[in-house]
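Engineer: I would like the atomic coordinates for the input below:
(2 chains)
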Amino acid sequence: MSGSPPIQAQDIALRYRLDRANVGTIKEATVRTLRRKRTVESINALDGVSFSVDRGEIFGVVGPNGAGKSTLMKVIARVLPPTSGRVIVRGRVAPMIELGSGMNPELTARENIVLYGALLGRDPGHMRERVPAIVEWAGVEEFVDVPTRSFSSGMLARLAFGVATDIKPEVLVVDEVLSVGDKAFREKSQTRMFELINGGSAVVVVSHSVPLLQEVSTRAMWLDRGRIKMLGAASEVLDGYVASG
Amino acid sequence: MTAEPSTDVYDSDLRRRPLITEFQNFWRYRGLIKLLVVRDLTVRYKRSVLGVWWTVLNPMLTIAVLWVVFSNFFGRSAALDEPYIVYLTAGILIATYFTQGVIAAGSAIVNSRNVLIKIYIPPEIFSLSAGVAAAAHFLLSMVPLLLLQVLTGQGIPWTVVLVPIPLVFMLMLVTGLGLLIASAAVYFRDVLDIARVITQLLNYLIPTFWTIDFIADSPTALALVEANPVYSFLVVFRSWVYGGADAPAWTLAMMAGASVLALMLGVYVFSRNWRRVVVRL
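Structural biologist: Prediction:
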């Protein structure tokens, strides 16, 4: 099994139903059913997407808003089951889909490290031991017992990234989180991602920032309205994306 | 930084094996469940003076009001060997555990939406954690009950060590019912409001503040009360915690049977529907 790629997606599609904005209560649903007005529309957030990511790769994903990038990340993170097609992800996944997800602002940095780690499938006892190393990397040592609601977004990003990479995931999914931090943070986190892929992990980075992806990714995919527009070497795909305007 | 090999393989084609997958998840995520329960007990009251004791105080206030209003009426019931305040408190504690447990377990998945749409956690973990937190609150509120038993001279019988049995069965009941509600609550927001009204009604249908001799003349009313699984908990708990009237065997059987059935049903229905549910979150 060690030879098989950590992420394999075969012809995945994800259909959302659009009726939920209107029907949120039993009362409304009954009224609509009685009036035979319950129209259900669906949109394909992803359609026929196939790719795989190997160990040691940083896989960049670009595309305009609404291209299905975040949906794809959620499918890889197994948060959303695909409507059709098949996705296989081997190993522990650390998704960083949004800043501060998995953290409770009322809890201290120390408590949040344990909670976030546990949500990512790590034993709380192990996480408690890792607290010093994580806060040191994130540069928040003095604030380890301060509730994270008083943290700046940069501090939160560093803390979250510190935890997500400290658990040594086989698959790291980073969605736009890198753009929050300053230059120093970007450099630090890039080093960390390179360490991860050198250890045999696979990293998926979603970003609007083409220069960032140029710098880190080995391969890339360009998504447009749920379909793959281009898939291949990072420079080619990213140049193609930039050229399209 | 070498990735530690893990045996996790996620294959979207693999379907859950109803009941088996869920119970494996409960065991696998036990560390997280413990953490979520502790968080539930601390975060909610972190910035209040009384802290977690608010949960104890809350039923106590209800009990105080009911006691003032009804002690002259039901307190003189010939069916009562025990002090009315002890009878009343034990009743309200069970009713509170049931109501709060069902609602907490039922709303846990919707309330954890922010985590569930970003990190994969089997959603049923949140319902179970909410149930366990309700059980912890119940244990805490037993402190004033035991205190009342001592103060009124009712005393604490040895059977108090058996109380964990109804405690665990109630956890199964509220988690099962909670999971049934939880899937529906993702689709329809008003499900939780409806559930709140129904659990409230169920609580009035069992003798918490009133005594059973009050309806003894009506076989229909009696049957209605005895058909309510929460009633069996009430009888068993009162019998064991302060030495109330003996719990007949059928109440024990009903308590266990209804709880196991509710848990199995709740988990099974959830297991069959969860894919549709998570997409809707």
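Engineer: Now do the helices in chain A.
Structural biologist: A:26-34, A:69-76, A:109-119, A:124-138, A:153-166, A:183-198, A:210-216, A:234-243 (DSSP state H).
Engineer: Packing partners of the longest helix along chain B?
Structural biologist: Criterion DSSP H: the longest helix present in chain B is helix B:249-280. Other helices and strands packing on helix B:249-280, by 3 or more CB pairs under 8 Å, 6 or more residues apart in numbering or on different chains; DSSP states H and E, are strand A:7-17, helix B:20-28, helix B:124-151, helix B:164-187, helix B:229-242. The way it works is simple: take the backbone N, C-alpha and C, and place the C-beta from them, glycine included.
Engineer: Kindly provide the whole-number mean pLDDT of it.
Structural biologist: The average pLDDT for helix B:249-280 rounds to 92.
Engineer: now do stretch B:30-50
Structural biologist: 81.
Engineer: Could you do stretch A:120-134 as well?
Structural biologist: Stretch A:120-134 shows a mean pLDDT of 93.
Engineer: do stretch A:94-104 as well
Structural biologist: 80.
Engineer: hmm, the lowest-mean-pLDDT helix or strand in chain A touching chain B?
Structural biologist: Every helix and strand in chain A was compared by mean pLDDT, DSSP states H and E; the lowest is helix A:26-34, with a mean of 76. Yes: Helix A:26-34 reaches chain B (CB under 8 Å from any CB of the partner chain) through A:26-27, A:29.
Engineer: Can you check the pLDDT for residue A:7?
Structural biologist: Reported pLDDT for residue A:7: 94.
Engineer: which stretches of chain A have low pLDDT?
Structural biologist: Along chain A, the parts satisfying pLDDT under 70 run over A:1-2, A:18-23, A:36-40.
Engineer: returning to what we had before: need the helices and strands packed on helix B:249-280 in TSV (columns: mean neighbour count and distance to residue A:69).
Structural biologist: TSV is the format used below for the helices and strands packed on helix B:249-280 (neighbours: other CB atoms under 10 Å in any protein chain shown; distance: least, CB to CB, whole Å):
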stretch	mean neighbour count	distance to residue A:69
strand A:7-17	18	12
helix B:20-28	15	29
helix B:124-151	21	27
helix B:164-187	24	24
helix B:229-242	24	49
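Engineer: okay, these in a markdown table with distance to residue A:165 next?
Structural biologist: Shown next, in a markdown table, are those (distance: least, CB to CB, whole Å):
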| stretch | distance to residue A:165 |
| --- | --- |
| strand A:7-17 | 17 |
| helix B:20-28 | 23 |
| helix B:124-151 | 24 |
| helix B:164-187 | 32 |
| helix B:229-242 | 48 |
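Engineer: and chain B, which residues reach chain A?
Structural biologist: Counting by CB under 8 Å from any CB, chain B sits next to chain A at B:1-6, B:8-13, B:31-32, B:34-35, B:39, B:43, B:46, B:114-121, B:188-191, B:194, B:275, B:278-280.
Engineer: Inside helices: which ones of these?
Structural biologist: Those of these lying in helices (DSSP H): B:31-32, B:34-35, B:39, B:43, B:114-116, B:191, B:194, B:275, B:278-280.
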